[in-house]
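Visitor: how would this look folded up:
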Amino acid sequence: MTITMSGVLSALQRRLIFAEKNPDIDWLNLVENVPQWPAGEVPAGIVHVPGTSYEASAGNEALLAAIADRENSLHDASVSPSMVLVTCGAMHGLGLVFRQLRAQGLCEILVESPIFRGVYDAAVAAGLTVTTMDGAAVKGVANFSARSGQSGLYLNRPANPHGAVLSEEEKQGLVDLAAAGVPVVLDATYDGFNYRENPVHLTADAALPGLYVVNSLSKNYGLPGERIGWILSTPRNVAVLTAQLEWETVCVGRAAQAFAAQVIRSHPAPLRERVRRGRESFAQQVHLLGIDEYRLPEGGTQAWLDLGITHVEDFADGLLRHGLIVTSSSNYYPSADGFIRFPLGVDDDVIIRGLEAISIAKKEWQHR
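Guide: You can find the predicted model right below:
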């Protein structure tokens, strides 16, 4: 099935619009990698806090304290509320950081390949040149000797899409760079889903002037619609970013911040248990795709599946005939043909139905 829709929409958005225009089909939507709360387990709402006044641009005091406490309890850190800036989600936070770094003279950002296309676009929109590198980001540390004062580093851990987690070697490399003032942007939006036996974490520290850590409610708390994120850095960096946020958006909404403060002080164990069960179910059923051995990623909420199919975008369009909507290679930069993303934080029956549908479509594709 080929979708004929002109314009600049992504392949994913075109598929979603196609599904919306065909509501008679029982669609199985595997697009989101946001883990889904089990029924009845979603954090309870709060009494509505009317937005009759502005919050402080840096964030609500209760939320700033909750985020600092989260970092200190999870990562054995020494984060203070003055090292936190509340944003309208992680992408807003990344955009703020990229724009500020460009304003300070940064020209280039090194990224691990592949990265979420939205991050790539945000960096380019900020005026940065994006240079990709393969393998562990620490391998790119030596490159900075030739790019002093001109380059920074972006790293997502656990990584979207392939689930790699931070290693001790990477952490030390990032610490050395950030301590020297080299801009290091660590995207930690999946840090609650690290399945390594002894997970390695890195968070903001007053002694690391180059480090910016970005996080949000979306993945770690399964609440993307609340649009709450945060940046962690030194008090000086946060003060500069706060001034930028103030003239761009004034502040983040009061009600969402009040809700987020309660959520972050809760324990999202049901959400993380769902992802753990989803990982087990997927590992048991992935043979449906003709894959005899599959090594689960060490982190994240998804599997990055190499189907060994050329023209995977056409294949993903063809999945619409089976009532299935997926995220494919084009959602990342650079686009490596053959891959689709499969969510693990969903019900077992969704995982099985999805794998069965892909299996049938793959056989049809091979015999077309």
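
Visitor: residues in contact with Pro343?
Guide: The contact partners of Pro343, by Cβ atoms under 8 Å, 6 or more residues apart in numbering, come to Leu30, Glu32, Asn33, Val34, Pro35, Gly278, Thr301, Gln302. Where you see a C-beta, it was placed from the backbone N, CA and C, and this is true even at glycine.

Visitor: just the closest of these to Ser266, please.
Guide: Pro35 (15.1 Å; Cβ to Cβ).

Visitor: one step back: now the contacts of Pro343: which count as buried?
Guide: Neighbour counting with 16 or more other Cβ atoms under 10 Å marks Leu30, Glu32, Asn33, Val34, Pro35, Gly278, Thr301, Gln302 as buried within these.

Visitor: how far away is the fifth one from Phe193?
Guide: Pro35 is 8 Å from Phe193, where distance means Cβ to Cβ, to the nearest Å.

Visitor: again with the third one
Guide: Taking Cβ to Cβ as the measure, Asn33 falls 10 Å from Phe193.

Visitor: next one: Leu155
Guide: 16 Å.

Visitor: just the helices from the stretch 101-250 of the chain, written as ranges.
Guide: Ranges of helices in the stretch 101-250 of the chain, per DSSP state H, counting those that start in this stretch, are 117-125, 168-179, 217-220, 235-249.

Visitor: most tightly surrounded among those helices?
Guide: helix 217-220 (a mean of 25; mean count of other Cβ atoms under 10 Å).

Visitor: which residues touch that helix?
Guide: Contacts of helix 217-220 (Cβ under 8 Å, 6+ apart): 33-35, 89-90, 189-193, 223-224, 226, 228-229, 260, 263-264, 268, 301.

Visitor: among those residues, which are in strands?
Guide: Of the contacts of helix 217-220, the ones assigned to strands by DSSP state E are Gly229.

Visitor: need the buried ones from the contacts of helix 217-220 selected in ChimeraX.
Guide: A single ChimeraX command selects the buried members of the contacts of helix 217-220 (16+ other Cβ under 10 Å):
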select :33,34,35,89,90,189,190,191,192,193,223,226,228,229,260,263,264,268,301
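
Visitor: quick check, Arg277 in contact with Val346.
Guide: No. Using Cβ atoms under 8 Å, Arg277 is not in contact with Val346; the gap is 9.9 Å.

Visitor: name the residues contacting each of these two.
Guide: In contact with both Arg277 and Val346: no residue, using Cβ under 8 Å, 6+ apart.

Visitor: which of the two has more neighbours?
Guide: Val346 (26 against 17; other Cβ atoms under 10 Å).

Visitor: how close does Leu289 get to Ser359?
Guide: Distance from Leu289 to Ser359, by Cβ to Cβ: 5 Å.

Visitor: sorry, wrong one. I was asking about Ala180.
Guide: Ala180 is 50 Å from Ser359, by Cβ to Cβ.

Visitor: could you do Lys171 as well?
Guide: Taking Cβ to Cβ as the measure, Lys171 falls 39 Å from Ser359.

Visitor: same question for Trp230.
Guide: 41 Å.

Visitor: more neighbours: which of the two?
Guide: More neighbours surround Trp230 than the other of Trp230 and Ser359, with 28 against 18 (other Cβ under 10 Å).

Visitor: would you agree that one is in contact with Gly59?
Guide: Yes. In this structure, Trp230 is within contact of Gly59 by Cβ under 8 Å, at 7.5 Å.

Visitor: overlap in contacts of the two?
Guide: Val84, Leu85, Val86.

Visitor: list the contacts of the closest residue to the second one other than its chain neighbours.
Guide: Nearest-residue entry for Leu85: Ile231, 4.5 Å, with adjacent residues in sequence omitted and distances by Cβ to Cβ, 6 or more residues apart in numbering. The neighbours of Ile231, taking Cβ under 8 Å, 6+ apart as the test, are Val84, Leu85, Thr87, Gly93, Leu96, Val97, Tyr212, Val213, Val214, Val238, Leu241.

Visitor: please name the bridge partners of Ile231.
Guide: Beta-bridge partners for Ile231, by DSSP bridges, are Leu85, Val214.

Visitor: measure it to Ser329 for me?
Guide: If you go by Cβ to Cβ, the gap between Ile231 and Ser329 works out to 29 Å.

Visitor: just to revisit the earlier point, shared neighbours, Pro35 and Phe193?
Guide: Contacts common to Pro35 and Phe193, judged by Cβ under 8 Å, 6+ apart, are Lys219, Arg272, Val275, Thr301.

Visitor: helix, strand or coil for the residue lying closest to Pro35 once chain neighbours are set aside?
Guide: Here the nearest residue to Pro35 in space, its sequence neighbours aside, is Gly345; by Cβ to Cβ, 6+ apart that works out to 2.5 Å. Following DSSP: H, G, I helix; E, B strand; the rest coil, the label given to Gly345 is coil.

Visitor: check Pro38 too.
Guide: coil.

Visitor: that one: what's it in contact with?
Guide: By Cβ under 8 Å, 6+ apart, the neighbours of Pro38 are Pro270, Arg274.

Visitor: mind checking pLDDT for it?
Guide: Note on Pro38: pLDDT of 85.

Visitor: do His75 as well
Guide: For His75, the predicted pLDDT is 84.

Visitor: same deal with Gly210?
Guide: Value for Gly210, per-residue pLDDT: 95.

Visitor: isn't it up against Asp176?
Guide: No. Contact criterion Cβ under 8 Å: Gly210 and Asp176 do not qualify, at 9.9 Å.

Visitor: contacts only, for Tyr54.
Guide: Contacts of Tyr54 by Cβ under 8 Å, 6+ apart are Val250, Cys251, Arg254.

Visitor: now a ChimeraX select for only the buried ones of those residues.
Guide: What follows is the ChimeraX syntax selecting those of these that are buried according to 16+ other Cβ under 10 Å:
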select :251,254
